[in-house]
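[1] sequence plus the predicted model coming up.
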Amino acid sequence: AYEMQLQSRRRFLHLRAADAVRVTYDNDPTPHYAEMAHHYHFGEARDDERTYAVLAGDHAAAEFANDDALRFYSRSLALTESDDRHEQRSLLLRREAVFDLLGAREQQEQDLNALTYLEEDALPEERGTLLLRQTEFQRITGDYEGAQRTVALALQMADEGNDIQQKVRCLHLQGRILWPMGQYSNARTTLQKAQRIAADNGLQKYVTLCNYDIGVTYQQENRYDAARTYFGNAQIGFEATDDRMGLARCTAMMGVIENEVGRYLSAQRQYLSALDLCETIGWRFGVAVCLGYLCNNHFALGDYESAKQFNQRNIVLSRELADQNGLANSLDTGGLIEFMHGHFDLAEKQCSQALALYQEIGARRDEAYALTHLGLVAIQQDDLNRAATYLKNAVDYRTESGEFAARIDSLAAIANVHALRGEHEKSITIV
């Protein structure tokens, strides 16, 4: 009986404390949601605990306190009634977004599967959101064909429901799927369409996001002035909303342009700044991207040992993130580093692994790079026929896609093959 009195007294005091916090900080309750959830938990006020656990999770997610966000969302789910499928979907979407940020792909996929199971009585808007989250998961893990199919379903649903914001989200994501596949013009057309609709309907967030992705398409085509303009506009939009992930992206891409025009130390500063921001907010995918950029930067400076260290970290992280494109990039770069050290068998192994991954996910532009690198390796291995085949395939793709400037390395290597064969006239003709 005495123990029961103590428990009852403890519940009463915690409920009093929760009410006191709520009243005291009525004008600015946000920083105190976690405290209220704590007191309602020990006060055994299940509904109130769930309410404030959700709010505490939202606050933690907004502050990139990702572990706290996961803890509160998971607790909220545990407190949600089994027949409240709408609330379960809402909480799963919140938690899945945090898993996405952290690159916890297994847990993220589990939440997406749970959402699929719960979608039977979902509203059209909820189903559309789930399709877009599935699309993003497919895109980030390199399943571009699957992503295209899924986003097409979401776009059809948005058109049928005349949901303008959902349509903009679909078009934006379609554009983001196309540019890693080397379809820059198609990506840009799709993104510009999304941006026009967003601007006409006051959806400034998507105007900004499209500015960034359009900038990427121009950067990939080496049209740096246009890229800088779009990245600059995106940066203004990200700063206005304190979008730290967006700011990290813009900073990194400005570094890419600096690196590609030969301003390596300036690029390095941009990369390190972006890396620090990604680490601060716990965005592991962004960390992996920045490690890859720093690897390329040190490679360009001839610091192959530092490049290798960054690359090895990136390979490990890309595997953990199930980032197939990032992993392929790291393997290809690793092959180049081994090439520079004269380890041609290792170089061939890594570049071949990269090529297989690029072909699997349909990353044609990057596939051409791997083919060129394998051609360079084959030359050093005195296998000129194999070298010529690799290099011709790389040039053929660049020609088909209109990336004429990008053919230079491949054409120079083909000229070298002809020279080594004693075919000097053919070599001179290519040069």
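    In hand now; what should we look at?
[2] pretty sure residue 43 is touching residue 14, no?
    Yes - between residue 43 and residue 14 there is a contact under Cβ atoms under 8 Å: 3.8 Å. For the C-beta atoms, the positions are set from N, CA and C on the backbone; glycine is no exception.
[3] what about these two, which has more around it?
    Neighbours of residue 43 and residue 14, each counted by other Cβ atoms under 10 Å, are more numerous for residue 43; the result is 21 against 18.
[4] what sits against that one?
    11-12, 14-15, 18, 49 (Cβ atoms under 8 Å, 6 or more residues apart in numbering).
[5] 6 Å instead, please
    11, 14-15 (Cβ atoms under 6 Å, 6 or more residues apart in numbering).
[6] check residue 51 too.
    Here residue 51 is in contact with no residue (Cβ under 6 Å, 6+ apart).
[7] gap between it and residue 57?
    Shown here: residue 51 relative to residue 57, a distance of 11 Å by Cβ to Cβ, to the nearest Å.
[8] kindly report the same for residue 161.
    The value you get for residue 161 to residue 57, if Cβ to Cβ is used, is 29 Å.
[9] the two: who's more crowded?
    Neighbour totals were compared for residue 161 and residue 57, and residue 57 leads with 28 against 15 (other Cβ under 10 Å).
[10] let me know the pLDDT of the more buried one.
    pLDDT recorded at residue 57 is 96.
[11] mean confidence for stretch 395-412?
    On average, stretch 395-412 scores 83.
[12] any buried residues in that stretch, and which?
    395, 397-398, 401, 403, 406-407, 409-411 (16 or more other Cβ atoms under 10 Å).
[13] now render those as JSON lines, adding distance to residue 235.
    Shown next, in JSON lines, are the buried residues of stretch 395-412 (distance: Cβ to Cβ, whole Å):
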{"residue": "395", "distance to residue 235": "36"}
{"residue": "397", "distance to residue 235": "33"}
{"residue": "398", "distance to residue 235": "31"}
{"residue": "401", "distance to residue 235": "29"}
{"residue": "403", "distance to residue 235": "27"}
{"residue": "406", "distance to residue 235": "27"}
{"residue": "407", "distance to residue 235": "32"}
{"residue": "409", "distance to residue 235": "31"}
{"residue": "410", "distance to residue 235": "34"}
{"residue": "411", "distance to residue 235": "36"}
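[14] could I get these in TSV, plus columns for secondary structure and distance to residue 78?
    Converted to TSV, those look like this (DSSP: H, G, I helix; E, B strand; the rest coil; distance: Cβ to Cβ, whole Å):
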residue	secondary structure	distance to residue 78
395	helix	58
397	helix	52
398	helix	54
401	helix	51
403	coil	52
406	helix	53
407	helix	58
409	helix	56
410	helix	57
411	helix	62
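[15] out of those, which comes closest to residue 130?
    Closest approach between these and residue 130, by Cβ to Cβ: residue 401, at 33.8 Å.
[16] so who does the closest one touch?
    Per Cβ under 6 Å, 6+ apart, neighbours of residue 401: residue 182.
[17] so how far is residue 373 from it?
    The spacing between residue 401 and residue 373, counted by Cβ to Cβ, is 18 Å.
[18] now find how far off-centre stretch 158-174 is within its chain.
    Put simply, stretch 158-174 sits 21 Å off its chain's centre (Cα atoms, centre = their mean, to the nearest Å).
[19] likewise stretch 194-201?
    The answer for stretch 194-201 is 23 Å, by Cα atoms, centre = their mean.
[20] next, residue 64: phi, psi?
    phi 60, psi 30 (degrees, to the nearest 10).
[21] residues contacting it?
    281-282.
[22] per-residue pLDDT, it?
    According to the prediction, residue 64 has pLDDT 93.
[23] before we move on, which element is residue 162 in?
    Secondary structure from DSSP states H and E places residue 162 outside every helix and strand.
[24] name the SS class of residue 311, please.
    Taken by DSSP: H, G, I helix; E, B strand; the rest coil, the conformation at residue 311 corresponds to helix.
[25] residue contacts, it?
    295, 330, 333-334.
[26] can I get those in JSON lines with distance to residue 133?
    Shown next, in JSON lines, are those (distance: Cβ to Cβ, whole Å):
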{"residue": "295", "distance to residue 133": "30"}
{"residue": "330", "distance to residue 133": "26"}
{"residue": "333", "distance to residue 133": "31"}
{"residue": "334", "distance to residue 133": "32"}
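[27] quick one: buried ones out of those?
    Counted by 16+ other Cβ under 10 Å, those give 295, 330, 333-334 as buried.
[28] what is the longest helix seen in the chain packed up against?
    If you go by DSSP state H, the chain has its longest helix at helix 2-24. On a contact count with 3 or more Cβ pairs under 6 Å, 6 or more residues apart in numbering; DSSP states H and E, helix 2-24 meets helix 33-42.
[29] and the contacts of the longest helix of the chain?
    Contacts for helix 2-24 (Cβ under 6 Å, 6+ apart): 32, 35-36, 39-40, 42-44.
[30] also stretch 226-243?
    Counting by Cβ under 6 Å, 6+ apart, 208, 211-212, 214-215, 218-219, 246-247, 250, 253-254 sit against stretch 226-243.
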